[in-house]
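Novice: Provided below are the primary sequence and the corresponding predicted coordinates.
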Amino acid sequence: MLNKWEGIVLKTKAYGETNKVVTIMTREVGKTAAMARGAKKPQSRLAAISQPFVHGIFMIQQGRGMGTLQQGEPLESMRHIQEDITATAYASYVVEIIDRLIESDRPEPYAFDIMVQALHAIEEGYDPESIAMFVEWKMLPYTGVQPVLHACASCGAVEGEFAFSFSQGGFLCHRCFLLDPYLIRLTPTQVKLIRMFYTVPIDQIGKLTLKKETKQFIRKIVTTIYEEQTGMRFKSRSFIEQLERTPLLFNKHMDSEKPDEGQPDKALQTDENNE
Ligand SMILES: [Zn+2]
């Protein structure tokens with residue numbers, strides 16, 4: 001039967017001389033792979049639609065085994081993501097997180113929305129490093145790690161000073177600091193930011209103007225959770241690290257310390273410089 005699904009291409013792999021196997025994260029059925037016959041030929045009608053990051057409507061013929069991509073209609077070309085090296089790097093990372101954490105052929109509308117919102121935000125020129133961090137925090141439950149961030153992980157207190165504790169699985173209040181000699185002390189702003197990354201939908205965030213050090217600090221925590229607690233390392237991280245070591249390749253998004261002009265009308269504005 002022929003299905004019509006909305007999706008985003010996560011990755012493609014050459015198959016034979018002219019074909020591609022396209023992995024698509026769909027809204028309706030989750031992650032699925034389809035054969036795109038002839039898609040490697042530039043004149044193929046499948047050539048444009050079977051590229052990473054393309055957001056479109058895909059017609060997939062499902063039979064026994066792998067489906068066949070019959071045709072597709074792009075909803076968005078994701079031109080900025082395709083052309084800007086920093087945007088490409090972070091979008092690749094977002095897509096790799098989704099690909100690695102999501103099982104095939106099972107609807108995952110929450111993860112689909114996170115990915116679509118993240119890629120749209122990167123495409124629209126939002127700071128891609130912050131957007132990737134939203135995805136890292138929000139996808140943690142898919143690794144089996146559900147950090148307690150709304151209150152102290154030990155006593156449940158919501159008032160007080162907080163620190164992050166890997167061993168206690170989330171925030172600890174100052175009354176419970178003795179439980180973990182390796183805890184990481186947090187400022188109220190850092191507590192607020194981590195909660196925001198974990199709970200606030202990406203499309204409800206206005207322009208984020210975070211200092212480079214703030215991003216590095218919060219990223220270190222989430223990266224440590226992935227690497228130490230889930231054992232996951234992402235290939236596209238190494239490309240990002242390479243970009244960071246090569247400042248000449250930086251573009252304006254890499255150090256967005258100056259607040260941007262023209263704040264969009266969004267539900268939440270977060271600007272740590274205003275606190
Ligand atoms: Zn406590």
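Specialist: Looks like it came in fine.
Novice: Chain neighbours aside, what residue packs nearest to the closest residue to the ion within the stretch 1-150 of the chain?
Specialist: Nearest residue of the stretch 1-150 of the chain to the ion, counting by C-beta to the ion: V148, 10.3 Å away. Glycine gets a C-beta too; all of them are placed from N, C-alpha and C. Excluding its sequence neighbours, the residue lying closest to V148 (C-beta to C-beta, 6 or more residues apart in numbering) is G170, at 3.3 Å.
Novice: Near the one you found, how many other residues are there?
Specialist: By other C-beta atoms under 10 Å, 20 other residues sit near G170.
Novice: Could you give me the buried positions within stretch 51-66?
Specialist: With burial defined by 16 or more other C-beta atoms under 10 Å, the residues of stretch 51-66 counted as buried are Q51, P52, F53, V54, H55, G56, F58, M59, I60.
Novice: So which bits of stretch 7-26 are buried?
Specialist: Here stretch 7-26 shows 7-12, 15, 19-26 as buried, counting by 16+ other C-beta under 10 Å.
Novice: Quick one: mark the members of those residues that sit in strands.
Specialist: Judged by DSSP state E, strands contain the following of these: 7-12, 15, 19-26.
Novice: What is the nearest of those residues to F112?
Specialist: M25 (6.0 Å; C-beta to C-beta).
Novice: May I have the beta-bridge partners of that closest one?
Specialist: I8, K31 (DSSP bridges).
Novice: Contact partners for it?
Specialist: By C-beta atoms under 8 Å, 6 or more residues apart in numbering, M25 lies in contact with G7, I8, L10, K31, I98, D99, I102, E108, A111, F112, M115.
Novice: confidence score at the fourth one?
Specialist: K31 is assigned 97 on the pLDDT scale.
Novice: would you list every one of the strands in the stretch 51-200 of the chain?
Specialist: All strands of the stretch 51-200 of the chain, identified by DSSP state E, counting those that start in this stretch, fall at 55-61, 67-76, 162-165, 170-173, 184-185.
Novice: Could you list every helix and strand that the longest one packs against?
Specialist: To tie it back to what came earlier, the one meant is strand 67-76. Applying 3 or more C-beta pairs under 8 Å, 6 or more residues apart in numbering; DSSP states H and E, one finds that strand 67-76 makes contact with strand 2-15, strand 30-36, strand 55-61.
Novice: The ones you listed into a markdown table, with extra columns for distance to the ion?
Specialist: Below are these laid out as a markdown table (distance: least, C-beta to the ion, whole Å):
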| stretch | distance to the ion |
| --- | --- |
| strand 2-15 | 40 |
| strand 30-36 | 38 |
| strand 55-61 | 43 |
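Novice: Any idea which of these gets closest to C155?
Specialist: Relative to C155, the nearest member of the helices and strands packed on strand 67-76 by C-beta to C-beta is strand 30-36, separated by 38.3 Å.
Novice: Quick check: buried residues in that closest one?
Specialist: Residues of strand 30-36 classed as buried under the neighbour-count rule (16+ other C-beta under 10 Å) are G30, K31, T32, A33, A34, M35, A36.
Novice: Same question for stretch 84-101.
Specialist: Under 16+ other C-beta under 10 Å, the buried positions of stretch 84-101 are 84, 86-99, 101.
Novice: my read: the residue nearest to V148 touches F162, true?
Specialist: No. Taking contact to mean C-beta atoms under 8 Å, the distance of 9.4 Å between G170 and F162 leaves them out of contact.
Novice: Confirm for me that W137 is in contact with V222.
Specialist: Yes. Contact criterion C-beta under 8 Å: W137 and V222 qualify, at 5.7 Å.
Novice: shared neighbours of the two, which are they?
Specialist: With C-beta under 8 Å, 6+ apart, W137 and V222 have common neighbours F197.
Novice: all helices for the chain, in order.
Specialist: Secondary structure of the chain (DSSP state H): helices located at 79-83, 85-101, 109-123, 128-138, 188-199, 212-224, 235-245.
Novice: Quick one: mean pLDDT for the fourth one?
Specialist: What that stands for is helix 128-138. 96.
Novice: Setting the sequence-adjacent residues aside, check what's closest to S104.
Specialist: K31 (4.9 Å).
Novice: Quick one: name the residues of the stretch 101-250 of the chain near the ion.
Specialist: C152, S154, C155, A157, C173, R175, C176 (C-beta under 5 Å from the ion).
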